[in-house]
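Enquirer: Build me a structure from this.
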Amino acid sequence: LLYAGQHVFNSREGADPRIAPSATHRGNDNYQQFQVRWSSLPSASSTLELGLGVAHASLSSGLQPGTSTISTIDLPQLTETGAAPFSFAGTRTRYQANAQFQVLHNGTFGSHNLVLGAAFDRSNITNRWSALGAIEQILVEGVGAEVVQWNTPTQALQHVTQSAVFVQDSWRPVEWLAIPFGARLEDSSGRSTAANNRINWTTLEPRVGFVVRLPVTGAVLRGGFARYGHVLQGSYLDFGSAFALAGQVFRWQDANGDRQVQPPELDRLLRVFGGQYSAVDRNLRRPLN
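Expert: Alright, predicted model coming up:
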């Protein structure tokens, strides 16, 4: 049995000479994990291992207390004043279970180290964003240029499920040669709540190699081929979600030169970005190495 907890507090998260103290975040993160592992020896040449784990993280990057000035960034120096662009809070809860059986066998055609296993993983993710005034001002050399209108406050809920079964063997037909090989069948799926952005990947990932002991003392020759799939990240599910962070960028004509935006000073829409302005391709395939 294992339990571990961690608390991380940062009163000036993101501090930098170009960032005013008011524009930093107030970080407050808590992490907890619980694990159970059990192993057994069914025979002199085999082992069985089972595991279960739960990990939970509560993340917070809040605005500095008492800050009441809109976030402003001045280009190209990248100086930031006022409040931080937005605050963030979220949770990450992950459940894992796995099983593995290993057996050693010596036969007529050499020795084998066979491993069979299965794994299951479920993650629940919550993200919340909020920006002071729901806008951010952008200056260029001290002159008003653009304004970002955030869709805050907003909250996105996501879940990711991954399961896999695998088999691998290390075959040694003769003393000087080893041939490791195996395959992993993995299924990954994820989706944001109230969003049409489901991702579902099922892939077979084979691998094979060889290890040859050379006549030179201590020298070996190795080679192999393997295909590994990328892990499905919860951040991918921000695309296509109307509740994920997004924004509209407007041209800003600061008529009175006070470096404080007023609604009449907003000109045409220049661009948009974020979850509600994006989508996930229905035919998106898992990236492979």
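
Enquirer: Which other helices and strands does the helix or strand harbouring Glu205 contact?
Expert: Taking DSSP states H and E as the criterion, Glu205 maps to strand 199-213. Judged by 3 or more CB pairs under 8 Å, 6 or more residues apart in numbering; DSSP states H and E, strand 199-213 is in contact with strand 177-192, strand 220-226. For every residue, glycine as well, the C-beta is placed using N, CA and C.

Enquirer: Need those strands in JSON lines (columns: distance to Ser46, mean neighbour count and mean pLDDT).
Expert: Below are the helices and strands packed on strand 199-213 laid out as JSON lines (distance: least, CB to CB, whole Å; neighbours: other CB atoms under 10 Å; pLDDT from 0 to 100):
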{"stretch": "strand 177-192", "distance to Ser46": "18", "mean neighbour count": "18", "mean pLDDT": "96"}
{"stretch": "strand 220-226", "distance to Ser46": "26", "mean neighbour count": "11", "mean pLDDT": "95"}
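
Enquirer: Which among the ones you listed is found nearest to Thr24?
Expert: Closest to Thr24 of those is strand 177-192 (CB to CB; 29.5 Å).

Enquirer: Run me through the strand neighbours of the closest one, direction for each.
Expert: strand 154-174 (antiparallel), strand 199-213 (antiparallel) (DSSP bridges).

Enquirer: So which of those has the densest surroundings on average?
Expert: Highest mean neighbour count of the strands paired with strand 177-192: strand 154-174, a mean of 17 (counted as mean count of other CB atoms under 10 Å).

Enquirer: Would you mind putting the CA coordinates of it into PDB?
Expert: Extracted in PDB, the C-alpha atoms of strand 154-174 (Å, rounded to 0.1, in the frame of the first residue of the first chain):
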ATOM      1  CA  THR A 154     -16.400  29.100 -18.700                       C
ATOM      2  CA  GLN A 155     -15.900  25.500 -17.600                       C
ATOM      3  CA  ALA A 156     -15.100  22.400 -19.700                       C
ATOM      4  CA  LEU A 157     -15.500  18.700 -18.600                       C
ATOM      5  CA  GLN A 158     -13.700  15.900 -20.300                       C
ATOM      6  CA  HIS A 159     -12.900  12.200 -19.900                       C
ATOM      7  CA  VAL A 160     -10.300   9.900 -21.400                       C
ATOM      8  CA  THR A 161     -10.400   6.100 -21.300                       C
ATOM      9  CA  GLN A 162      -7.500   3.900 -22.300                       C
ATOM     10  CA  SER A 163      -7.300   0.100 -22.200                       C
ATOM     11  CA  ALA A 164      -4.700  -2.300 -23.600                       C
ATOM     12  CA  VAL A 165      -3.700  -6.000 -23.700                       C
ATOM     13  CA  PHE A 166      -0.100  -7.000 -24.500                       C
ATOM     14  CA  VAL A 167       2.100 -10.100 -25.000                       C
ATOM     15  CA  GLN A 168       5.900 -10.200 -25.200                       C
ATOM     16  CA  ASP A 169       8.600 -12.800 -25.200                       C
ATOM     17  CA  SER A 170      12.400 -12.900 -25.100                       C
ATOM     18  CA  TRP A 171      13.400 -16.000 -27.000                       C
ATOM     19  CA  ARG A 172      17.000 -17.200 -26.600                       C
ATOM     20  CA  PRO A 173      17.400 -20.000 -29.100                       C
ATOM     21  CA  VAL A 174      21.200 -20.200 -28.500                       C
END
